[in-house]
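J.: make a model of this:
(2 chains)
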Amino acid sequence: MSYSEKVIDHYSNPRNIGSFDKNDSKVGTGIVGAPECGDVMKLQIKVNDEGVIEEARFKTFGCGSAIASSSLATEWVKGKTIEEALKIKNTDIVTELNLPPVKIHCSVLAEDAIKAALADYKKKAEDKAGAGARAS
Amino acid sequence: MDSKCWSCQEETENSFCVKCGKIQPLSPAEDYFAALGLERKLNLNLPQVEKKFHALSRKFHPDFFQGKSKEEQAISLENASILNKAYRTLKDPVSRIEYLLQVEQGSKEAILCQVPFDLLEEVMELHTRLEEVHSLKEGGNSQELKKVKDYLQPELARLEASYQALKNQIQRLSDEWDGLKKEGEGREAKKLKILTDFRQILSQRTYLINVIEDIRKVL
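T.: As a prediction, the model looks like this:
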């Protein structure tokens, strides 16, 4: 099986690789895994006061397609609101990267990672709002 | 096996028709356990299974059907290939369990379930350390390198212990599965419980194996 040009591009020049402090209240962290192959993917978002995702980071240990899918995902979430980011579908990633059927699960993983990061951020924001309400 | 011979329509349950003697296809509905004449059990006597596989393979081998009709040649080829797949699948204890889950609960994709978050976080952390080892090696920083290795050494021992525990659990569950009564109250619930536990364990297994292997490589 050969990788598409876009996969190779993301794989050899991954965008937004790295980590944020997961305890930062502006940061949402998603860690997901694919049990079949043992791949792990961490995707983090940093949300500004306007509710827009300002930055994103990822770290993926897995095959080229998993790395490319998460790299692309971080590019796509940037500049989006949480609601907009929730609409990113794994099929969009498959189309963009031209993933073969055996690698579709990599795109599913990336979608799950986005969802998990968004959920983590939302939970943090709610907890903060709750704590703020109690404090006042 | 089909109950009617494809050629002469005689009722037959053998692999060769009782009336016309023609080879019969292994029915596609038949699972790999049945194809090798085994019960759906997990503790197998492998030398015995191998013997059965060889005996059946001899019976269906395409070489013996060279002079026969096209249909018979095709059936012998198909049967031989089912047998090969069956043997290859059931020979390995893990793929045997995966296959059991597949035939008991449908598609292979549904077999593996969510991995515990803690495990993912741990694996992520260990991979990050391993990356450090690689970059420290390149940079030739032996003091820092030793520190990371000293951290990884006990981690490896711990992971190996978890892997051993997981293997023990697989054995225990396999024994439970084989000990299930054919009928009786609570059988279905017990069965479901075992299959669910198997899934849980198998979904963690690959992570452990990968990370253990990666750590061993650098130490």
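J.: what does the domain assignment say about chain B?
T.: The record's domain parsing of chain B by automatic domain parsing lists B:32-91, B:110-218.
J.: mind checking which of these is nearest A:Y11?
T.: Each of the domains of chain B was checked against A:Y11 via CB to CB, and the shortest separation belongs to domain B:110-218, namely 15.9 Å. Any C-beta I mention is one placed from the backbone N, CA and C, and that applies to glycine too.
J.: could you point out which element follows the longest helix belonging to chain B?
T.: The helix of greatest length in chain B, counted in residues with DSSP state H as the criterion, is given as helix B:142-178. Scanning forward in sequence from helix B:142-178 by DSSP states H and E, the next helix or strand is helix B:187-218.
J.: can you name every helix or strand that that next one contacts?
T.: The elements that helix B:187-218 packs onto, with contact taken as 3 or more CB pairs under 8 Å, 6 or more residues apart in numbering or on different chains; DSSP states H and E, are helix B:93-105, helix B:117-139, helix B:142-178.
J.: which SS state does A:L43 fall under?
T.: strand (DSSP: H, G, I helix; E, B strand; the rest coil).
J.: grab the nearest non-local neighbour of it.
T.: Spatial nearest neighbour of A:L43, excluding adjacent residues (CB to CB, 6 or more residues apart in numbering or on different chains): A:A113 at 3.9 Å.
J.: which secondary structure element contains that neighbour?
T.: Here A:A113 is covered by helix A:104-135, with elements defined by DSSP H and E.
J.: hang on, the earlier thing: in TSV: the helices and strands packed on helix B:187-218, plus mean neighbour count and distance to A:K22.
T.: Formatted as TSV, the entries for the helices and strands packed on helix B:187-218 read as follows, by neighbours: other CB atoms under 10 Å in any protein chain shown; distance: least, CB to CB, whole Å:
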stretch	mean neighbour count	distance to A:K22
helix B:93-105	17	34
helix B:117-139	15	10
helix B:142-178	14	20
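J.: out of those helices, which gets nearest to chain A?
T.: With CB to the nearest CB as the criterion, chain A lies closest to helix B:117-139 of those, at 4.4 Å.
J.: could I get the average pLDDT for that closest one?
T.: Per-region confidence: helix B:117-139 scores 88 on mean pLDDT.
J.: how far off centre is that helix?
T.: Put simply, helix B:117-139 sits 30 Å off its chain's centre (CA atoms, centre = their mean, to the nearest Å).
J.: stretch B:176-190 now?
T.: Taking the mean C-alpha point of stretch B:176-190 and that of its whole chain, the gap between them comes to 21 Å (CA atoms, centre = their mean).
J.: kindly report the same for stretch B:68-88.
T.: Average the C-alpha atoms of stretch B:68-88, do the same for its chain, and the two points are 22 Å apart (CA atoms, centre = their mean).
J.: what residues of the helix holding A:A113 count as buried?
T.: Across helix A:104-135, burial judged by 16 or more other CB atoms under 10 Å in any protein chain shown covers A:104-118, A:120-121, A:124-125.
J.: relative to chain B, how far out is A:C106?
T.: When CB to the nearest CB, to the nearest Å is the yardstick, A:C106 and chain B sit 14 Å from each other.
J.: show the contacting residues for that residue.
T.: A:C106 makes contact with A:A34, A:D39, A:G62, A:C63, A:S65, A:A66, A:A68, A:S69, A:L99 under the criterion CB atoms under 8 Å, 6 or more residues apart in numbering or on different chains.
J.: which residues of chain A lie near chain B?
T.: Within chain A, the positions lying close to chain B (CB under 8 Å from any CB of the partner chain) are A:I31, A:V32, A:G33, A:P35, A:E36, A:C37, A:G38, A:V40, A:K42, A:K59, A:F61.
J.: hey, C-alpha coordinates of stretch B:71-87 in PDB?
T.: Output in PDB follows, covering the C-alpha atoms of stretch B:71-87 (Å, rounded to 0.1, in the frame of the first residue of the first chain):
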ATOM      1  CA  GLU B  71     -17.000 -28.600 -10.100                       C
ATOM      2  CA  GLU B  72     -15.200 -31.200  -8.000                       C
ATOM      3  CA  GLN B  73     -11.900 -29.500  -8.500                       C
ATOM      4  CA  ALA B  74     -13.400 -26.200  -7.500                       C
ATOM      5  CA  ILE B  75     -15.000 -27.700  -4.300                       C
ATOM      6  CA  SER B  76     -11.700 -29.400  -3.300                       C
ATOM      7  CA  LEU B  77      -9.800 -26.100  -3.700                       C
ATOM      8  CA  GLU B  78     -12.400 -24.200  -1.700                       C
ATOM      9  CA  ASN B  79     -12.500 -26.800   1.000                       C
ATOM     10  CA  ALA B  80      -8.700 -26.900   1.200                       C
ATOM     11  CA  SER B  81      -8.600 -23.200   1.600                       C
ATOM     12  CA  ILE B  82     -11.300 -23.100   4.300                       C
ATOM     13  CA  LEU B  83      -9.300 -25.700   6.200                       C
ATOM     14  CA  ASN B  84      -6.100 -23.800   5.900                       C
ATOM     15  CA  LYS B  85      -7.800 -20.600   7.200                       C
ATOM     16  CA  ALA B  86      -9.400 -22.500  10.000                       C
ATOM     17  CA  TYR B  87      -6.200 -24.100  11.100                       C
END
